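[1] pasting the structure only:
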């Protein structure tokens, strides 16, 4: 039984013969060793330009957790308005390429030393609780600085159809909406530089209508909270949630439709009149389709009437592609034999990595052209939650190389 794969990113549709990434052949990229991630910075730049066209009055923030590779950050930083981080390590990477005023720090478990580092550097803290607010204010007083503090809101809405829901339920993330106004008043009274709201309802959504609906509810919530608090927020981070089509049947999200609806909502908002700015925080949508993971075939074997293609990389570098990173039902990412793009498929094969676990499957009963040892397998949509989100140390195999083109 053949199982379907997801669609190729548009930049690679129609290629025949050898796969070309950023103007160079896959075999060229693999010459220095496999496995290797190749990130095409031009694809990221095109995504940013598309966002700018669809959201002309909204700031764009890059969520570093999607891909924190320093060379990629250096390419992205000049193109975006802000960087969103979730640890001191990410904050240090961000500070190397962006001013502190353009960096915000979220996450429910910030340690005191992380808070002190960020506050001292001038990074905005997205507070996740009243307790974290108390610690941040105390640390800022000891340092003798005015802290830049925003409130992350646990919204009373969720992003319908999202792959990971972040609102509308009890959560370690953010302050429940009913308690936000009182916290804002306390921050302002304490002399903090209150920077606004961070409201994130979900991620990996492909339904433009659901995102429009959630953004409208988020705007209404921000307006209500501002009125209750008696203070207008300088910035409302509307979160992100824009998905990419990983699996069979997925279709790209219509960002232009989302942008048109949000422009209408912003134009009619009391927050806009008061001078509030808005931001959208994106990671996956900017970088996922820009990345290709190349792994070399070590062996092709038969067992129980099935053919297995064994590669030199797998779950240890590409946890998400094996279905072990946030998916309930395992489905296939788009794969190809990098030297035989567009060739006719042979019998179905299961593509596995080198690890001693049955979880290490890059492709389950997928239809590929004939595969031989030495061939390169390309795994697409490898630009987000790849190397840094995978257990690279498991079983002691070498780390994958990562290169940025352009």
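    Received the coordinates, thanks. Just so we're clear, the structure is a prediction, and the values are computed from it rather than from any experiment.
[2] Give the helix, strand or coil label for residue 258.
    Of the three states, residue 258 takes helix under DSSP: H, G, I helix; E, B strand; the rest coil.
[3] since we're on it, how many residues are nearby?
    23 (other Cβ atoms under 10 Å). From N, CA and C alone the C-beta is placed, and that goes for glycine too.
[4] ok, it touching residue 214?
    No: when contacts are counted by Cβ atoms under 8 Å, residue 258 is not listed as touching residue 214 (9.9 Å).
[5] And the closest residue to residue 176 other than its chain neighbours, how far from residue 397?
    Nearest residue to residue 176, sequence neighbours excluded (Cβ to Cβ, 6 or more residues apart in numbering): residue 154, at 5.0 Å. Residue 154 sits 39 Å away from residue 397, going by Cβ to Cβ, to the nearest Å.
[6] neighbour count winner among the two?
    Per other Cβ under 10 Å, whichever of residue 154 and residue 397 has more neighbours is residue 154, with 24 against 17.
[7] List the contacts of the more buried one.
    167, 171, 173, 174, 175, 176, 177 (Cβ atoms under 8 Å, 6 or more residues apart in numbering).
[8] if I look at the fourth one, how far off is residue 56?
    Meaning residue 174. 28 Å.
[9] These two: which has the busier surroundings?
    residue 174 (24 against 9).
[10] quick one: that one and residue 133 touch, right?
    No: contact criterion Cβ under 8 Å: residue 174 and residue 133 do not qualify, at 12.0 Å.
[11] count of neighbours near the nearest residue to residue 190 once chain neighbours are set aside?
    Closest residue in space to residue 190, ignoring its immediate chain neighbours: residue 137 at 5.3 Å, by Cβ to Cβ, 6+ apart. Using other Cβ under 10 Å, residue 137 has 20 neighbouring residues.
[12] Check what pLDDT the residue nearest to residue 176 gets.
    Listed pLDDT for residue 154 reads 92.
[13] check contacts around the residue lying closest to residue 91 once chain neighbours are set aside.
    Leaving aside its chain neighbours, residue 91 sits nearest to residue 85 (4.7 Å; criterion: Cβ to Cβ, 6+ apart). Contacts for residue 85 (Cβ under 8 Å, 6+ apart) come out as 64, 65, 91, 93, 94, 103, 104, 105, 106, 123.
[14] Secondary structure, pLDDT and distance to residue 218 for these - can I get that in a markdown table?
    A markdown table is the format used below for those (DSSP: H, G, I helix; E, B strand; the rest coil; pLDDT from 0 to 100; distance: Cβ to Cβ, whole Å):
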| residue | secondary structure | pLDDT | distance to residue 218 |
| --- | --- | --- | --- |
| 64 | helix | 97 | 22 |
| 65 | helix | 97 | 21 |
| 91 | helix | 98 | 25 |
| 93 | helix | 98 | 28 |
| 94 | helix | 98 | 24 |
| 103 | strand | 98 | 22 |
| 104 | strand | 98 | 17 |
| 105 | strand | 98 | 21 |
| 106 | coil | 96 | 16 |
| 123 | coil | 98 | 23 |
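[15] would you list the residues you listed in a markdown table and tack on distance to residue 366 and neighbour count?
    Formatted as a markdown table, the contacts of residue 85 follow (distance: Cβ to Cβ, whole Å; neighbours: other Cβ atoms under 10 Å):
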| residue | distance to residue 366 | neighbour count |
| --- | --- | --- |
| 64 | 32 | 24 |
| 65 | 29 | 19 |
| 91 | 40 | 22 |
| 93 | 35 | 21 |
| 94 | 38 | 26 |
| 103 | 41 | 25 |
| 104 | 40 | 28 |
| 105 | 40 | 27 |
| 106 | 37 | 24 |
| 123 | 44 | 26 |
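[16] Among these, which one sits closest to residue 244?
    residue 65 (15.3 Å; Cβ to Cβ).
[17] so where do the helices sit in the chain?
    Ranges of helices in the chain, per DSSP state H, are 26-30, 41-54, 70-76, 88-95, 112-121, 130-143, 177-189, 208-229, 255-267, 270-273, 284-287.
[18] Point out the most buried one among the ones you listed.
    helix 284-287 (a mean of 26; mean count of other Cβ atoms under 10 Å).
[19] Could you name the helices and strands sitting against that helix?
    On a contact count with 3 or more Cβ pairs under 8 Å, 6 or more residues apart in numbering; DSSP states H and E, helix 284-287 meets helix 41-54, helix 70-76.
[20] Show residues contacting that helix.
    By Cβ under 8 Å, 6+ apart, helix 284-287 touches 39, 44, 47-48, 51, 62, 66-67, 72, 76, 203-204, 240, 242-244, 253, 255, 383-385.
[21] what about 10 Å?
    Here helix 284-287 makes contact (Cβ atoms under 10 Å, 6 or more residues apart in numbering) with 39-41, 43-48, 50-51, 60, 62-63, 65-67, 69, 72, 76, 79-80, 163, 203-204, 240-244, 246, 252-253, 255, 381-386.
[22] joint contacts of residue 174 and residue 133?
    By the contact definition Cβ under 10 Å, 6+ apart, residue 174 and residue 133 are jointly contacted by 127, 151.
[23] In this structure residue 338 contacts residue 376, no?
    Yes: if you go by Cβ atoms under 10 Å, residue 338 and residue 376 touch, sitting 3.9 Å apart.
[24] what sits in contact with each of the two?
    18, 19, 25, 26, 27, 29, 30, 294, 295, 296.
[25] OK, contacts around the first one?
    Contacts for residue 18 were tallied using Cβ under 10 Å, 6+ apart; they are 25, 26, 27, 28, 337, 338, 339, 340, 341, 376.
[26] State the pLDDT value of the fifth one.
    According to the per-residue confidence, residue 337 scores 98 in pLDDT.
[27] so how many other residues sit close to residue 299?
    Neighbours around residue 299, by other Cβ under 10 Å: 12.
[28] so it makes contact with residue 310?
    Yes: under the criterion of Cβ under 10 Å, residue 299 makes contact with residue 310 at 4.2 Å.
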